[in-house]
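fold the stuff below for me.
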Amino acid sequence: MVYNVVQPQKNGRFYLYRVTAEWDPEKKRSKQKREYLGPCDRDGNLISEPVRNRTIQCSPVYGPYRILLSIAEGSGLEDTLATVYGEKDAKRMLALAILGIVSPCTTNQMQNEIEDTYLREMMGIDWSFEQSGVCRFMQSIGKDTGRREALFAALAPKSGCVIFDLVCMGTDSDGLDYSEPGRKTRLTGSKQFNLGMAHSMEDGLPFCFRTYPGSVADVTTLDNMTADLKRMGCRVFEMVMDRGFFSVGNIGMMMERDVGFTVPIPAKNKIQKLLLSESVGNIESPLSTGLLGGSTVRGYETGVVLLDGEFVRSSDENRIRAVVLQDDDRRNIEIKTLYRRLGELESKLSGKEYGSTAMYSLNAKEQEIADMCEISRGEDGKISVKRKRNAISAKESGCGRFVVLTTSKLPWKDLFAQYRARNDVEYDFSQLGSDLFDGVTGKSDQDSAEGGLLVNFISLRLRMMLIKRMKECGLTDTMWVPDLIRTTRKLKISCIGGEWRLNEVTKSQRTICEKLGVKLG
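Below is the predicted model of the structure:
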């Protein structure tokens, strides 16, 4: 099927496109190809303008949009969106996601931003991106929870390790169902909500997000997420979390649900101190030492059981596996930092009058060091600082060491490597999590907020795909995502006499595209 489309522009001009609809037997869906025919009048009649055939009519930005669209196509993200949402809505969502990476803006600015890009021509989108249309679209996809869950299920891994992270965010909108007063309300004055995200350890990409009320307990959040993962088809998986999720309730719930887990024990927990103390005489053994990423690492295997609501050391065969891990490089740095701060505190308080305001001028780090000292009035009326041997020894014992409880059968060194990979993903999430918060900024109702979160989630996944590709080809040695976008934004395409021609490609732009495997033109 072939038909013509007249595309109106903000400048009052009209462009004529020939649209060819074709059936893809492999994907079992139709697809459209658009061919630019030239300027026309309101009725679609081509206008012959000899002068324009020799002049540049427009030069929109091409480079970063070509790269991101190529990654979306090559990774299967575009096809997955089309399968779940249909080709028309999928293209709109992907276009909004790509625009959010290259040129993030509010909904009332999108129409102006899109006019300076070649994105609509590349994707064959006949949509104005007006504020009212974008808002209605956000509401419709936000309200459609069925297709959103189908998308998460399509992206979810069916087994393996799953990283789950939770962040608390504030909002001033009263129209969001999940915004509630919480522990940060007194500090910020804003209501809060919890945003949880699940990443696959297999590819390092986020595949699901959840919003929770600001007052919900962590054990309830984790229980809901494990149930959601099973509904998505994740039958055998292991939750890899940070120490904020360590609790008797969480560990007991996951054991009851037969869910695998790896979670570190908080530093001030009683069982953590006991296991570190036990490992002191054993962890330095050459039999439990290896190299990981150029650093000497060590591991000590032990175990605990959950008894009467507490974790206790145990050698029982049904115990929970506990592994004490040590990084020698990090340990040396932390020990040096500990004694440097001790010396700085002693110098700061030395010679000061006892009872003066000196103690009140200590910051949080200095107060932590002061707790390891005995501070009293000296014979001369000055402040006397004496180190507490046991307190400092206990602190030094924990430097560069941490303990994880795990159901994993991996050797301790592989477990260490896995947790380091989790830290990398958590860092990416902390850096990019603000993008998801942009999805609820300025949204007055729940459906709009959910739609905004979904579009920003797709942006987040696409940007992490780009980061992964950059790491694999070595581009991250010289640049990061903003640098890449800034360099490729200068690559434009010009419309000359009704024909699109790619502008001159610089050496740096060509190198970026070649390394990423992106074909220009």
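
which stretch of helix or strand covers residue 249?
Per DSSP states H and E, residue 249 falls inside helix 248-256.

ok, and what's touching that helix?
Residues from elsewhere that reach helix 248-256 (Cβ atoms under 8 Å, 6 or more residues apart in numbering): 218-219, 222-223, 226, 239, 260-261, 263, 306, 309-311, 320, 405. Backbone N, C-alpha and C define where each C-beta goes, glycine included.

and the two most separated of those?
Within the contacts of helix 248-256, two members stand farthest from each other by Cβ to Cβ: 226 and 310, at 23.2 Å.

follow-up on the earlier one: buried ones in the helix holding residue 249?
250-251, 253-254 (16 or more other Cβ atoms under 10 Å).

who has more neighbours out of residue 226 and residue 310?
residue 226 (21 against 11; other Cβ atoms under 10 Å).

CA atoms of the host helix or strand of the more buried one as PDB?
In the assignment (DSSP H and E), residue 226 maps to helix 218-231. In PDB, the C-alpha atoms belonging to helix 218-231 read as follows (Å, rounded to 0.1, in the frame of the first residue of the first chain):
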ATOM      1  CA  ASP A 218      11.700  -2.500  53.500                       C
ATOM      2  CA  VAL A 219      10.600  -6.100  54.300                       C
ATOM      3  CA  THR A 220       7.200  -5.400  52.600                       C
ATOM      4  CA  THR A 221       9.000  -3.800  49.600                       C
ATOM      5  CA  LEU A 222      11.300  -6.800  49.200                       C
ATOM      6  CA  ASP A 223       8.500  -9.300  49.600                       C
ATOM      7  CA  ASN A 224       6.500  -7.500  46.800                       C
ATOM      8  CA  MET A 225       9.500  -7.400  44.500                       C
ATOM      9  CA  THR A 226      10.300 -11.100  44.900                       C
ATOM     10  CA  ALA A 227       6.700 -12.000  44.100                       C
ATOM     11  CA  ASP A 228       6.700  -9.700  41.100                       C
ATOM     12  CA  LEU A 229       9.900 -11.300  39.700                       C
ATOM     13  CA  LYS A 230       8.300 -14.800  40.000                       C
ATOM     14  CA  ARG A 231       5.200 -13.500  38.100                       C
END
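
now that helix: how far from the chain's centre is it?
Put simply, helix 218-231 sits 19 Å off its chain's centre (Cα atoms, centre = their mean, to the nearest Å).

packing partners for that helix?
strand 159-171, strand 191-200, strand 206-213, strand 236-240, helix 248-256 (3 or more Cβ pairs under 8 Å, 6 or more residues apart in numbering; DSSP states H and E).

contacting residues around it?
Against helix 218-231 from outside (Cβ under 8 Å, 6+ apart): 153, 156, 162, 164, 166, 194, 196, 198, 208, 210, 212, 237, 239, 241, 244-245, 247, 249-250, 253-254, 257, 259.

buried residues in stretch 106-113?
Neighbour-count burial for stretch 106-113 flags 107, 110-111, 113 (criterion: 16+ other Cβ under 10 Å).

wait, I meant stretch 264-271
Neighbour-count burial for stretch 264-271, with 16+ other Cβ under 10 Å as criterion, is recorded at 264-265, 269, 271.

and if you look at stretch 327-335?
Buried residues in stretch 327-335, counted by 16+ other Cβ under 10 Å: 327, 331, 334.

now do stretch 300-311
The neighbour-count check on stretch 300-311 (16+ other Cβ under 10 Å) flags 300, 302-304, 306, 311 as buried.

narrow these to those in strands?
Among these, the members found in strands (DSSP state E) are 300, 302-304, 306, 311.
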